[in-house]
Each structure stands twice: as C-alpha cells, then as structure tokens.
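> Fold the following.
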Amino acid sequence: MTKYDFFRRRIVPVAMVIVAALLAYETCGKSERTQATFVIEYGVYARDVRSVEAEVWMNGERVTHLLRSARDGAYIGKTRFEASLPDTEGELRIDVELANGDRKHVMRKLHVREGEIMTFQLEPDLR
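Numbers count the residues shown, from 1 in each chain. Next up is the predicted model:
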C-alpha cells in the first residue's frame, strides 16, 4: 500500500467524519431557542388603549410581532404573548394608540431566561 492509498483510504474518511460531526454540533447549537412569555399592562390607561403593536428585536432582526386592536366600545386589557427567541439579549418595541388618537412608542431592553414571564408596566409611559 502506497502513502497515497493509505491517505485516501484511511485518513480522508476519518477527517470527513470529524468535519461532519463538527458541522452537526454547530448546527444543533444554533437551533437552541429560549421560550418566554411577555405581558404588557397599561394600568389606569387600560380602557384608553385602542391598539397595541409589539415587536421583539434581536441581533438586528425582528424575531416576533404582535398586533392587537380593540373593537368599538371594547378595551384591550392586559396583553400577553409567547415567543420562541434565538437569543437572550434584545429589545422590545411597543407602539400604543390611545382613544384620543395619541400614539406612544416605548422601547425596553431585554435579558430573557428560559421559561420566564416578563411583565412590562406601561402606565408611566402612557401619561
């Protein structure tokens, strides 16, 4: 058996298996997601909220989006949504439309832990 045959029959297959294992490890590691629940409370302004739009941004990309509107004469109340997130650091962007036509934009930094329920009080921001 020549050196070339030894390399081709023994070393190359072992190297391919190692490369495939590394690729599988990298791919599986990136598919891990963090599950979290977001709760948005409006305090005394709950009856004035006509619509809410919430987005979670991570690594410069929007990863989840919620749009909720109240019907005539109804109010939204507490808003709750669940998300599967690719990272633990991000930003929550909330746009709220009030009954008087005012629109409020609120941004909050996020540090999410697995299974966490994160509550955001918007009453101070809606004044």
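> where in the protein is pLDDT low?
7, 26-31 (pLDDT under 70).
> can you map out the helices along it?
3-6, 12-30 (DSSP state H).
> export these to TSV and tack on mean neighbour count?
From N, CA and C alone the C-beta is placed, and that goes for glycine too. Putting the helices of the chain into TSV (neighbours: other C-beta atoms under 10 Å) gives the following:
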stretch	mean neighbour count
helix 3-6	8
helix 12-30	10
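> any chance of those helices in JSON lines, with distance to E114 too?
Below are the helices of the chain laid out as JSON lines (distance: least, C-beta to C-beta, whole Å):
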{"stretch": "helix 3-6", "distance to E114": "49"}
{"stretch": "helix 12-30", "distance to E114": "15"}
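> just so I know, which of these lies nearest L92?
helix 12-30 (22.8 Å; C-beta to C-beta).
> With just CA atoms, put stretch 92-105 into CSV.
Listed next in CSV are the C-alpha coordinates belonging to stretch 92-105 (Å, rounded to 0.1, in the frame of the first residue of the first chain):
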residue,chain,number,x,y,z
LEU,A,92,-39.0,45.1,23.0
ARG,A,93,-40.6,47.8,20.9
ILE,A,94,-44.2,48.7,21.7
ASP,A,95,-46.5,51.2,19.9
VAL,A,96,-49.7,52.0,21.7
GLU,A,97,-52.6,54.0,20.2
LEU,A,98,-54.9,55.7,22.7
ALA,A,99,-58.6,56.6,22.4
ASN,A,100,-57.7,60.3,22.0
GLY,A,101,-55.5,59.5,18.9
ASP,A,102,-52.2,59.8,20.7
ARG,A,103,-49.5,57.2,19.8
LYS,A,104,-46.9,56.3,22.3
HIS,A,105,-43.7,54.5,21.4
